[in-house]
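Trainee: Following is a predicted model, sequence given first.
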Amino acid sequence: MKNTILSFDKYKFYKPHDRELYLNDHVENTTDLSPNFCVKALKWETYPVAKWYLIKAVGILKLKSSIPLLLEICRMHDEKLNSDASLHLITAWSFGKLGEYSFKPLIEEFKKSKNLETTKCIVDALGEIGNPKAIDILTIAFKEKDDEIKLWVALSLAKIGKKSLNTLYYLYNSINNFKNKILILDAILKINDTSSKIFIKDILSTGTFFEKKYILEKYSNYLDSFFKNSLVLITKSESLELSEMAKKCLKNISPSIK
């Protein structure tokens, strides 16, 4: 079927698995399917795997006409295909491909959404778009929404990148919940901008045991000679566990250190 282009009228008479195989042949990093076919098929399709391909296709094609359909998918219960793929995840990805065309509709949907899965999909999509104008509404989401949403907010702020850093610093310093602080710290470290080094160094000097442990354990590759004095101090003044972790980081910076 790879070289065959079906009309929608023929496509809808294929069995679900055959529709999946057909779409798999025609939707990769690009697609040779027509915009008209993709929109019609997405409106009609109910088989989750085939739907996944069609959602990806409208993103690849940057079809503005698909935005209402993608929003409707966001409003529906998410269907997981495996641990790394779901209809909401691919919908957020396609919103990202549509970029600024989808930004305003997503913000409007966020303001009226009361559904956890819908809000998560929108937050993920805002990160995929990467527009810094989403930072304010993502901040509201982090403060007001469910803990599961907080995870996706942090990921989206990390995707927006350097322009999120001041907001991330503010959130980190304004919350007391350790789990939430780690989400924000992880976003800061994911951005991996040199301007964060002073912030991270301060945590290594004055943070809690668990904050220091998280950095030393999860982001040791982030630490370079800028952090040498802080690491040396940890080897001398902290618990045996932290001391040994700091020594390993120091060896990565200066192999001659024992």
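Mentor: Right, received. Where do you want to start?

Trainee: Excluding sequence neighbours, find me the nearest residue to S220.
Mentor: C249 (4.9 Å; Cβ to Cβ, 6 or more residues apart in numbering). (Glycine included, C-beta is placed from N, CA and C.)

Trainee: Buried ones in the helix or strand containing that neighbour, by neighbour count?
Mentor: Using DSSP states H and E, the element containing C249 is helix 240-253. By neighbour count on 16 or more other Cβ atoms under 10 Å, the buried set for helix 240-253 is 242, 245-247, 249-250.

Trainee: what's the answer for stretch 42-53, then?
Mentor: Buried-residue list, stretch 42-53, by 16+ other Cβ under 10 Å: 42, 45, 47, 49-53.

Trainee: So what touches that stretch?
Mentor: 8, 12, 16, 19-20, 23-24, 27, 41, 54-55, 58, 66, 69, 73, 79, 81, 85, 87, 90 (Cβ atoms under 8 Å, 6 or more residues apart in numbering).

Trainee: Next, count neighbours for K111.
Mentor: Applying other Cβ atoms under 10 Å, we find 10 residues neighbouring K111.

Trainee: Okay, it and I191: tell me how far apart.
Mentor: According to Cβ to Cβ, to the nearest Å, K111 and I191 sit 27 Å apart.

Trainee: Can you report how many residues neighbour I198?
Mentor: Other residues lying near I198 total 9 when counted by other Cβ under 10 Å.

Trainee: distance between stretch 225-241 and the chain's centre?
Mentor: When C-alpha coordinates are averaged (Cα atoms, centre = their mean, to the nearest Å), stretch 225-241 and its chain have centres 32 Å apart.

Trainee: how about the CA coordinates for it, as CSV?
Mentor: Provided in CSV are the C-alpha atoms of stretch 225-241 (Å, rounded to 0.1, in the frame of the first residue of the first chain):
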residue,chain,number,x,y,z
SER,A,225,35.0,23.7,37.9
PHE,A,226,32.7,26.6,38.8
PHE,A,227,31.2,24.3,41.6
LYS,A,228,34.6,23.0,42.8
ASN,A,229,34.7,25.0,46.1
SER,A,230,31.1,24.1,46.9
LEU,A,231,31.8,20.4,46.3
VAL,A,232,35.0,20.5,48.4
LEU,A,233,32.9,22.0,51.3
ILE,A,234,30.3,19.3,51.0
THR,A,235,33.1,16.6,51.3
LYS,A,236,34.2,18.2,54.6
SER,A,237,30.9,19.3,56.2
GLU,A,238,28.1,17.0,55.1
SER,A,239,27.0,13.4,55.7
LEU,A,240,29.1,10.5,54.5
GLU,A,241,26.6,9.9,51.7
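
Trainee: what does the host helix or strand of W93 rub up against?
Mentor: Element membership of W93 [criterion: DSSP H and E] is helix 87-98. Contact with helix 87-98 is made by 48, 51-52, 55-56, 58-60, 62-64, 66-67, 70, 73-74, 76, 78-79, 81, 102, 106, 117, 120-121, 124-125, 127-130, as judged by Cβ under 8 Å, 6+ apart.

Trainee: Same check on stretch 229-242?
Mentor: Residues from elsewhere that reach stretch 229-242, judged by Cβ under 8 Å, 6+ apart: 201, 204-205, 209, 212-213, 216, 223, 243, 245-247, 249-250, 253.
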